[in-house]
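[1] with the input below, show me the fold.
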Amino acid sequence: MKTTIGEDGIPFMPIEDYAKLSLEELDTLRKQTPVVRMMPSRVSALRDEDVTRLAAHPSLIQVPGAEFCNIMGIPDGRCRSFLETFMLMTNGDDHKHRRGAFARVFA
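    Okay, the predicted model is just below:
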């Protein structure tokens with residue numbers, strides 16, 4: 001498991017390498033750093049408490065599905081269509097509207 005430190009001071013590991021980490025290697029990485037950059041536009045928080053704190057921060061939002069697909073270079077097709085309309089890839093009224101279909105299940 002090898003990371004390099006980027007110009008921004010954040011450890012970098014190619015997403016292909018990150019995807020191959022064993023649970024033990026991921027645990028070691030979590031102990032070494034709270035975040036890791038995997039792509040120029042993607043930084044992942046590795047520790048539960050950091051993810052929880054970030055998810056609750058009022059100034060942060062989920063990147064909407066279509067914008068996420070553009071950033072990630074996901075081409076037209078089933079995967080893109082799914083991500084563009086997926087409830088967890090929406091914010092505000094759009095999210096509330098889509099979440100409504102699942103409200104009884106979540107209750």
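
[2] in three-state terms, label residue 76 for me.
    Assigned with DSSP: H, G, I helix; E, B strand; the rest coil, residue 76 falls in the coil class.

[3] pLDDT below threshold where in the protein?
    1 (pLDDT under 70).

[4] look up phi and psi at the residue nearest the centre of the chain.
    Centroid check for the chain by C-alpha atoms, centre = their mean gives residue 44 as the closest residue, at 6.2 Å. Phi and psi for residue 44, reported as degrees, to the nearest 10, are phi -110, psi 130.

[5] surely it touches residue 30?
    No: at 10.7 Å, residue 44 does not count as touching residue 30 under the criterion of C-beta atoms under 8 Å. Every residue, glycine included, has its C-beta placed from N, CA and C.

[6] can you list phi and psi of residue 76 for me?
    Residue 76 has phi and psi values of phi -60, psi 140 when expressed as degrees, to the nearest 10.

[7] burial of it, as a residue count?
    By other C-beta atoms under 10 Å, 9 other residues sit near residue 76.

[8] how near is it to residue 69?
    9 Å (C-beta to C-beta, to the nearest Å).

[9] my read: residue 43 touches residue 34, true?
    No: assessed by C-beta under 8 Å, residue 43 is found out of contact with residue 34, at 10.1 Å.

[10] counting neighbours, what do you get for residue 65?
    Neighbours of residue 65 (other C-beta under 10 Å): 21.
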